[in-house]
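S.K.: After the sequence you'll find the predicted model.
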Amino acid sequence: MAVAGTPEWSLRLERAETSRLAWAFVLSLVFHLTLWGGYHGGRKVAAWVEANHPAWIQALKALPQLVRKNEPPPAHQLSEPPLLFVDVNPSVATPEPPPNPRFESDKNSQAANPEADKDTGIPKITGTQTDMVKAED
């Protein structure tokens, strides 16, 4: 039994309550669609890029450029070609190392050049390569 003067709680809404609820939903939907359409329309015509922003936002945009100006330039490093390992036969190993070695090995070796009068600095190795650079066939 309900006491006189107290509202009776029910999940059934009356006509006035459903009308207010429907209007609130429609107004919320119109508001959100307007904001969404304005944002995407502004992105499409690039309105946000050309807009006049406040000074504090322009200062934030200039901050990365100021940080880059204060950075020291990267040190110029001399790039050396990578050393390649060459398998040297122990019978052709020499005691003195080559003057400017371009290849790496566990033994010293001089490149054999059939034209001894022409020093090109590049070893002449004829043959086929299967797995790695070798000084002999």
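M.R.: Received the coordinates, thanks. Computed from a predicted model, the values in this text were never measured in an experiment.
S.K.: all helices of the protein, in order?
M.R.: Using DSSP state H, the helices found in the chain span residues 15-44, 47-50, 55-70.
S.K.: Any figure for the gap between residue 36 and residue 30?
M.R.: Per CB to CB, to the nearest Å, residue 36 is found 11 Å from residue 30. Every residue, glycine included, has its C-beta placed from N, CA and C.
S.K.: One more: residue 54?
M.R.: Per CB to CB, residue 54 is found 29 Å from residue 30.
S.K.: Likewise for residue 45?
M.R.: With distances taken as CB to CB, residue 45 is found 22 Å from residue 30.
S.K.: Would you single out the least confident of the helices of the chain?
M.R.: Mean pLDDT is lowest for helix 47-50 among these, at a mean of 70.
S.K.: And for the closest residue to residue 61 other than its chain neighbours, the neighbour number?
M.R.: Nearest non-adjacent residue to residue 61, counting by CB to CB, 6 or more residues apart in numbering: residue 53, 7.9 Å away. For residue 53, the count of nearby residues is 12 (other CB atoms under 10 Å).
S.K.: Also residue 97?
M.R.: Residue 97 has 11 nearby residues by other CB under 10 Å.
S.K.: and the closest residue to it other than its chain neighbours, how far is that from residue 93?
M.R.: Leaving aside its sequence neighbours, residue 97 sits nearest to residue 108 (CB to CB, 6+ apart; 4.7 Å). Using CB to CB, we find residue 108 at a distance of 6 Å from residue 93.
S.K.: I am finished for the moment; much appreciated.
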